[in-house]
Structure formats: C-alpha cells, structure tokens
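Enquirer: structure for this input, please:
(chains A and B)
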Amino acid sequence: MSLFKRLTPLLITALLWAIPAHAVPPIQEQKLDNGLRILLMEAHNVPMVSMQLSMAGGSRFDPANKGGTAMLLAAMLGDHTARHDHEALAELLDAEAIQLGAGADREGLNLSLTVLKEVLPSGIHALAEALLEPGWNKARFKLIKENAISAAQKAQEEPGTRAAQASVELLFGDHPYGHPAGGTLATLKKIKLADLQRLYQTQLKPEGAVLAVSGDITMRELVDLLKPSLTSWRGAPKTGLFDIENAKEVHGQTRTIEMPTTQTLAQLVRLGPARQGADFFPVFVLNHLLGGGGFGSRLMEEVREKRGLVYGVYSYFIPLAAEGPFIITLQTRANQAAEAEAVVRNVLKEMFDGKVTKKQLKETKANLVGSFAQRMDSNRERVGLMGMIGFYQMPLDYLQVWTKKVESVTLADVQDAAKMYMNPEMWNLVQVGPSSIIEESKAGDK
Amino acid sequence: MISLRWLFAVLLLTLIPTLQANAAELQQADFKNGVKLIVEEDHSAPVAMIQIWLKVGGRDELPGKTGLAHVFEHMMFKGSKALAPGEYSKKISAMGGNDNAFTSHDFTAYFETVPARESYNVIEMEAERFANLKLRDEDFQKEIRVIMEERRMRTEDDPNSHMFEELSAAALRLHPYRNPVIGWMQDLKRLTIEDVRAFYKKHYVPANVTVVVVGDVDFKAVKKRVARTFGRMKMQPQPERFNPTEPEPFGPKRIDVTLPAQLPLFAITIPVPVWQPGENDREAAAIAIATSLLAGGRSAKMTRELVDLEKVSFSAAAGYDPFGMGLDLWYAYGVLGPKNSPEKFEASLWKLMQKMGDKPVAENELAAAKKGIIASEVFARDSLYLRAKHIGTLETVGIGAAHQDEWLDAIRGVTAADVQEVFRKWIKPERSTTGLLIPAKGTKS
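Expert: Numbering: from 1, shown residues only, chains lettered A, B, ... in the order given. Reported below is the predicted structural model:
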C-alpha cells in the first residue's frame, strides 16, 4: 500500500496550467465535411496514439428524472455493436490490445481510444463501429442497468459520493447540472432503452463534436484513416453545448447527511465562473492561492500545516458552458469539524477583505507558469487538454497565450475576483458525518 | 493489475503500476558509500522526474511501531538545517515543480517533477534534507494528528479497505505484509519523536539510497552533482532488511468483517511467489498471465463467467504484483449486488479456478493476454513518473533495474501448460484466506 503524503487534487481536468510558449507543440486542425473537428498534436517518442471524441451528450442532456441516461448510453456504445456482440467485440479488441473506452461527464459523452501505432487502423474501425453501429441489445441493457444500480448503491458507502450528490442538488436544483453524472439509485431505475436511443439520435452528431488526437501520427495519415469510417455520420445536435442558462445563485444553505463514520466530510459550495467567463483567469489564479495549489495554498497552510486538523483540504471549480460548481472540501474527525470549517471561513473572509500580497501572487503565478510542461507530458494529458479547447471552442493558440494570460493577472484583478467569490456568507455547507456530532455542531451555531 | 498492498491506497488515481517495454538504455553509477544512481535520458520534453528511493518501508518496523516508515516520510517535509518546515515544497513549487512521496512495505520514495534545468538543484536539496533533518517534537505532534486523519479517511471510514486490511492480517503469520503501511491506530497513538529519530539514524544511511532520474538531463552532469552531494556522505552500516520466510498454509482460513456498509464484498487472498530473475522467471510470468486472463482486458474470465453469465456479482477482479519481496498476496474479489449471495459467488469463483487448472487456455486467449501486458508497458512509457517508479521499485526490492527487459521475455515464453500449473500449485482453496464484508444491520440506505 502506498500512502501519499497528500491527496491529488480532484478533477485536475478542470484546471489548466501555464507553459512556456516555446515548449508547446502546435495544435493542428482539420474539419471533415460533416463538421467534425479534428485536433492533433504530434508526438513521435512512443509508438502509440491516443484520442478522444467528445460530443454534447453528457449528463446535462439526461431526460428529466432519468439521471444516468448518458452514462448508460456510453456504456452500451462501448459494450457491443450491431455487428459484434459483447463477446466478439471483446475478443476483437483484446487480440490487438486496443483500449476502447466510453463515458459521460456533465457535458460531454466521450469515446476514447489508446492503441499501439501498428494497429491504429483497427482501432479507428472499432471506434467508428461503436459510434455509428450501436447494437441496442436488450439483454445487455438489462444487465448493464442492473449493475449500474448496484454500483450506485455501493457508492453510497463513500462520504464523497454522498456529498457530491447533495452539493449539485443544492446548487443546481432542477437545472441540467443538478444531478450526478452517473445518476442515482432512484433515477437509474427509471431509465429505458428508448431513452438511450433518443439521446443518441438527438445529441451524438458531428457538428460541434471534437476528436482530439495525440501521438505517433501525422494529420494526413489520420484523416485518410478517419474519412472512410466517419463519412456517413451527419447532422447537428438538437441542443447545442452553449444553449444553457446559468443556474440561480443559492447561498447560506446547509445540507446534512448522516453516516456512521468517524470523520465528518465538510464541503463549502457556490457557483464559480463559466469556461468562457471573462473573469476565468483571475479566479483561476485566486483559486490556486486559496486551495488549488496543494501545499503552497492558504487552506492547506492554515488547516493542515498549522493545526493538523486534516490530511487534505482543497478547493476547485469546474468551468462548464454555464457557471459550474466551486467547491472547498475537507475531512476531519467529527468532533473537530466545526473548528476546521471556521478556519476555512476565516481564510475566505481574509481573501474577501483583499488580504493577498504581491509576493504571494508572484509565487502562485511562478508555480502555475513553471509547471505546465509536466501537465502535458503524456499523450493522454494532451488529448484531455485539446479535447477541452476544442469542445468549448477556445482559440487554438490557447496554450501558447496561456502563460501571458496568467502573468497578466494583477493584484487588483485577484482582489476583484475575491470580492466576487470569497464572501463567506455566499457559500453553502454540505456536511456528511455521524449524527451525534452534527446535532452538536448545529446546537453550537445557535 | 495491482497488488493487494496497493489496492486500498489512493494513488494518483489514473496511474496503475505497470511495466515498460523497449526500455531505453539505463546509465548507472555506484558511489563508494553505497549510494547508487540510475538515469534514463529522454529529451522529448524539457522536464525531468527525480526520485530518491530508500531501502526501508513498513516491513522494517519493529513490533508495536507500525506506521513509523510512513510517519517518517511525512517528517521529511518538516524542515532541515537549511529549510524551515514546509519550505522544501514551496521552493519546488516556486521553480514550477511538484513534489511528493510514497511509502510501501518495501520502500520509501521522494519525488519531484521539475523543469529539467532545475534537476541539479533538486538533487542538492534532497541531499541536504536527507543529511540534516530537524525532527522537532512540535512538528511531530501536529503531523501524527494529520496521519491519524489520513488513516480515518482511507481505512476507518472505508469498509472495503478495512476488510482488506483485516484479510491481509489474517492471511499471514510472519511476513510483514500482514501489517498496514499506515500503521494500526493503536500503534500510531503511541509513537514518539524518539522512535522517529531512532528510525532516521538506523535507516537513512547512504547505502540505502538509489537516486533515479528520468528525463531531459545529461547523465554526466547528474553524476557529478550526485557525487558531490549524496556521494560525499559518510559511509554507515546498512541494516539488514526484515524478510522472513512465511510458513506454508495448512488449510483454508476465513474471516467475517461486519461494518457499516451498503453491500457485501467477497475476497480471497493467497501468498504466491514474486519474480526472482534467473530463479523463477517462467513461474512468476505465468502467474501474471493467469491473473491477466482472469481479470485483464475485455475478455477477462472473471467478468465473462461471474458477472455476465452467472451474474453472481456486479464486478469482479484479481491482482498480482510480481515485484515484491518474499511473496505477494495474490487476490481476487467480487462486489456483490443486493440479489447476490456470497456462497454462490464463492462456488462460481472456485469452479472457474478449477477449470483453469483442468483445461489449457486457448492459444488465441494466451496470445491476447501477452499482447495486453506488452502493450500496457508501451503505454506506460508515456509517463516519466511510471518509468522512474519501475526502475526504483526493481532496484529497491532487490530484483535490479538491469533486469527489467527480462520480464517481457519471460512473459513471451509462458505456455498454456505453465498457466494450468499456476492453478494446480498456487491458486487453490487450501492455500487461501477468505474474507467477507458483511454490512452491519441498519446501515443500508
């Protein structure tokens, strides 16, 4: 068993880091005539290719009260096709060590492929077949759904799963972001095969979709391989990625979930900026200072280093097409949860009051700028970054100008962002833990 | 495939320890005081991974002091002669780097990913804290609380981890894999700064150090820097590692673990050999292939038979780590759904194992399993972290990084008969320990 001194911050994909411009390989772009955008970064050091196809078919497109539809659709597409049942497909892929994956997050339904260069043609065939020739096998659907329901029940053992669900419900309510991407015990049970088919027919279209590729391949080779397989795929999604309103703000709310644990998990939540928000960079730098930067961050300093209250405390925001969640999370022995929460609120208050020094800002920016190269030193990481850039229609020189954007964030920008986001009274609290302690902490509040 | 010892660790989640294929040439240097340097140059990106590996881990703790190796790892960040507590990480961060560390039963390692030009400074900083650690009681008192929170989070409040901890303890009598690396809470409560200081003095000696660097560096320049830092430290006696021979099991063992949980978890674990190059290459590789047939790839037999056909669990897997010391706790488990029964899962699992021993696996399945292992090693080469980690592991557990390519040769040489033999000789009920997580009454939602 390996024990990391710190937890890896969750959801690293939600973050972006800076890189000296000279170190960024250029992103090449080509559009197929069906509208699909292909983005490529060549990397010839390992004989492999990774790619991810992202379409606007994630959980926010789930039918009402049927959260988990997109996740089940992804599972079905990756499981079998009209031409190969699940056993035949498995054998076909294993014979050439082709890793084909499918999944759904809040906004995207993604198919992914990692292959040795020598079997890329078969890999692309398999990806196209999974996408364009779904099998809709009823028996497989029944089993996949039943297993997803069991998995959702098992996941209820994790305080983090409980907190995540409560947080999105609190922040977003009936908004399309208002349920976990994997659905819940209750919503999964209601999903029918026809729901998957409807989502497939309305949303999984080439217009607005992005195929991000990194590895030992050139654009010309890639397009020659893709064109014949994807030429029959046509159309645009019924609901576009950016057809979405921001959720209404909620603040000062508390949700309490009882679990027979020794620790309490406390999560402070509010809305954060959208992916294309004008204040994205100032908030990004602000968050790194607050709790996104691991050990250098203020929350880690105050809650762990000075007081030994937690193993980890982190903050992050998930920038989406609309405003997504901004989250601060910690776990501590139940009877000291109130103390830890007070420390967090005090840190927020200080930042809200503008207490950030030039030196701190400089150090934060230095870390962000210096560390980008290592965040994109593998094919899979590069695919993730390019997928985000393409999916959210960011400019293709995004990585080249990133350093400049981070460096140009001023102290005043950070203080403005703090005025906007750090007001302790605007945050909500979700707590998961043993009942006796939660009762006590409530009494203490009065 | 991941080992039982890794199973309940929150590792960088996407990183599964795998091997490498077509490894680039390793350059090595040995210093008089016992320090070793291994470098793999890769100039494809201007970054470098530096890892300092120690031949000390949970296995080297004395009775009553479990968790000490990991506690010590935390204390390495608490200040030295040159740096205040926490300053080490801040300096790494300021140069655009990240640092961290991990502890297992077999090793402790400290690592940094940095812009390549900073590698030489980092080696100097690592040597400085290694030689001049402060170890103040006030820092220890805070850090031990942090570690107890870590244990609560990883083990006390996770019924599945908790069950695996109990299962390991029940499976072995002598071998130190029976104790959790994070330590028993009862021991953590009693550790003192004196224990930490004694541990430092005994184990943090030059002969226990391997410096591993992978990335955009020049071997000669790295060697020079190591020579005048780690290489200059005073020679000290190297303590012998604790590696007792586990007595053979005399029959099956079984434990029930009742904890707040939603659904049962059924698991078995069995001590099996680890790889010893030149001694048991074929046998260890056959165990790896057998495990891959059961739980690797899409055609994994446990998924096919237990989940898809017999529907006795909603997920099932197995794991083997050939790169340990003395033995590995091979494991297999099934996560049971609300309609599943542990008895049925158990019967189906052993029926499958029996079949694997009775009938040779089809040639195409064997070929696919080999291909999968080899490909995943190519994919792992895409990560500096995994490459350095594999080198460090092989060196520290006593296999030797120089042997790393021989593992794939061994994998290629495995026959269907070798795989059958694994189930006849090792994966048998009478050698197993079975654990069942039973949800405590009134805890289901």
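
Enquirer: next one: phi and psi at the closest residue to residue A:299 other than its chain neighbours?
Expert: In space, and not counting its chain neighbours, residue A:299 is closest to residue A:291: 3.7 Å by Cβ to Cβ, 6 or more residues apart in numbering or on different chains. Where C-beta positions appear, they are placed from N, C-alpha and C, glycine not excepted. Dihedral pair for residue A:291: phi -170, psi 10, per degrees, to the nearest 10.

Enquirer: for the one 10 residues further on, same thing?
Expert: Geometry field for residue A:301 lists phi and psi as phi -60, psi -50, criterion degrees, to the nearest 10.

Enquirer: tally of neighbours for it?
Expert: Number of residues near residue A:301 (other Cβ atoms under 10 Å in any protein chain shown) recorded here: 17.

Enquirer: list the beta-bridge partners for residue A:433.
Expert: residue A:258 (DSSP bridges).

Enquirer: helix or strand: which one has the closest residue to residue B:182 other than its chain neighbours?
Expert: Spatial nearest neighbour of residue B:182, excluding adjacent residues (Cβ to Cβ, 6+ apart): residue B:151 at 5.0 Å. Secondary structure from DSSP states H and E places residue B:151 in helix B:137-151.

Enquirer: ok so, going back, shouldn't the residue nearest to residue A:299 be in contact with residue A:312?
Expert: No. With contact defined as Cβ atoms under 8 Å, residue A:291 does not reach residue A:312; the gap is 9.6 Å.

Enquirer: can you give me the helices in the stretch 101-250 of chain B?
Expert: B:119-132, B:137-151, B:159-171, B:185-188, B:193-203, B:219-227 (DSSP state H, counting those that start in this stretch).

Enquirer: do the same with the stretch 301-446 of chain A
Expert: A:337-352, A:358-370, A:372-375, A:379-391, A:398-407, A:411-421, A:435-445.

Enquirer: could you name the stretch from those that's closest to residue A:156?
Expert: Judged by Cβ to Cβ, the one of the helices of the stretch 301-446 of chain A that comes nearest to residue A:156 is helix A:435-445, at 16.3 Å.

Enquirer: what about the residue nearest to residue B:188 when sequence neighbours are not counted, how many residues nearby?
Expert: Among residues not flanking residue B:188 along the chain, residue B:67 sits closest, at 5.1 Å (Cβ to Cβ, 6+ apart). Counted by other Cβ under 10 Å, the residues lying close to residue B:67 total 28.

Enquirer: number of nearby residues for residue B:234?
Expert: Counted with other Cβ under 10 Å, residue B:234 comes out at 8.

Enquirer: same thing with the one 4 residues further on?
Expert: For residue B:238, the count of nearby residues is 14 (other Cβ under 10 Å).

Enquirer: OK, contacts around the spatially closest residue to it that is not a sequence neighbour?
Expert: Spatially, and ignoring its direct neighbours in sequence, residue B:238 is nearest to residue B:207 (3.7 Å; Cβ to Cβ, 6+ apart). The contact partners of residue B:207, by Cβ atoms under 8 Å, 6 or more residues apart in numbering or on different chains, come to B:33, B:34, B:35, B:235, B:236, B:237, B:238.

Enquirer: so the closest residue to residue B:248 other than its chain neighbours versus residue B:172, what's the distance?
Expert: The spatial neighbour of residue B:248 that comes closest, neighbours along the chain excluded (Cβ to Cβ, 6+ apart), is residue B:431 at 7.8 Å. Separation of residue B:431 from residue B:172 (Cβ to Cβ, to the nearest Å): 12 Å.

Enquirer: the domain parsing of chain B - what is it?
Expert: Here the domain parsing of chain B from automatic domain parsing is B:31-232, B:253-439.

Enquirer: reformat the ones you listed as a markdown table; add mean pLDDT.
Expert: Listed next are the domains of chain B as a markdown table, based on pLDDT from 0 to 100:
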| stretch | mean pLDDT |
| --- | --- |
| domain B:31-232 | 96 |
| domain B:253-439 | 97 |
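
Enquirer: quick one, which of the ones you listed is nearest to residue A:83?
Expert: Closest among these, using Cβ to Cβ: domain B:253-439, at 15.9 Å.

Enquirer: how far away from the center of its chain is the closest one?
Expert: Computed by Cα atoms, centre = their mean, to the nearest Å, the chain-centroid distance of domain B:253-439 equals 15 Å.

Enquirer: which other helices and strands contact whatever helix or strand residue B:390 lives in?
Expert: Assessed by DSSP H and E, residue B:390 sits inside helix B:384-396. When contacts are defined as 3 or more Cβ pairs under 8 Å, 6 or more residues apart in numbering or on different chains; DSSP states H and E, helix B:384-396 sits against strand B:36-41, strand B:47-54, strand B:108-115, strand B:209-215, helix B:363-380, helix B:404-412.

Enquirer: buried sites along it?
Expert: Neighbour-count burial for helix B:384-396, counted by 16 or more other Cβ atoms under 10 Å in any protein chain shown, picks out B:384-396.

Enquirer: generate TSV for the residues you listed, with distance to residue B:135 as supplementary columns.
Expert: Formatted as TSV, these follow (distance: Cβ to Cβ, whole Å):
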residue	distance to residue B:135
B:384	31
B:385	28
B:386	32
B:387	32
B:388	27
B:389	27
B:390	31
B:391	29
B:392	24
B:393	27
B:394	30
B:395	27
B:396	23
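
Enquirer: tell me which parts of the stretch 101-250 of chain B are close to chain A?
Expert: Residues of the stretch 101-250 of chain B that fall close to chain A, judged by Cβ under 8 Å from any Cβ of the partner chain: B:101-105, B:113-115, B:141-150, B:152-154, B:156-160, B:180-182.

Enquirer: rerun at 6 Å
Expert: B:101-104, B:113, B:115, B:142, B:145-146, B:149-150, B:152-153, B:156-157, B:159, B:181-182 (Cβ under 6 Å from any Cβ of the partner chain).

Enquirer: phi, psi of residue B:31?
Expert: According to degrees, to the nearest 10, residue B:31 has phi -110, psi 160.

Enquirer: ok, back up a step: closest to residue A:163 among the buried residues of helix B:384-396?
Expert: residue B:385 (29.0 Å).

Enquirer: just give me the neighbour total for the closest residue to that closest one other than its chain neighbours.
Expert: Nearest non-adjacent residue to residue B:385, counting by Cβ to Cβ, 6+ apart: residue B:49, 5.8 Å away. Residues contacting residue B:49 under the criterion other Cβ under 10 Å number 26.

Enquirer: any idea what residue B:49 is bridged to?
Expert: residue B:113, residue B:214.
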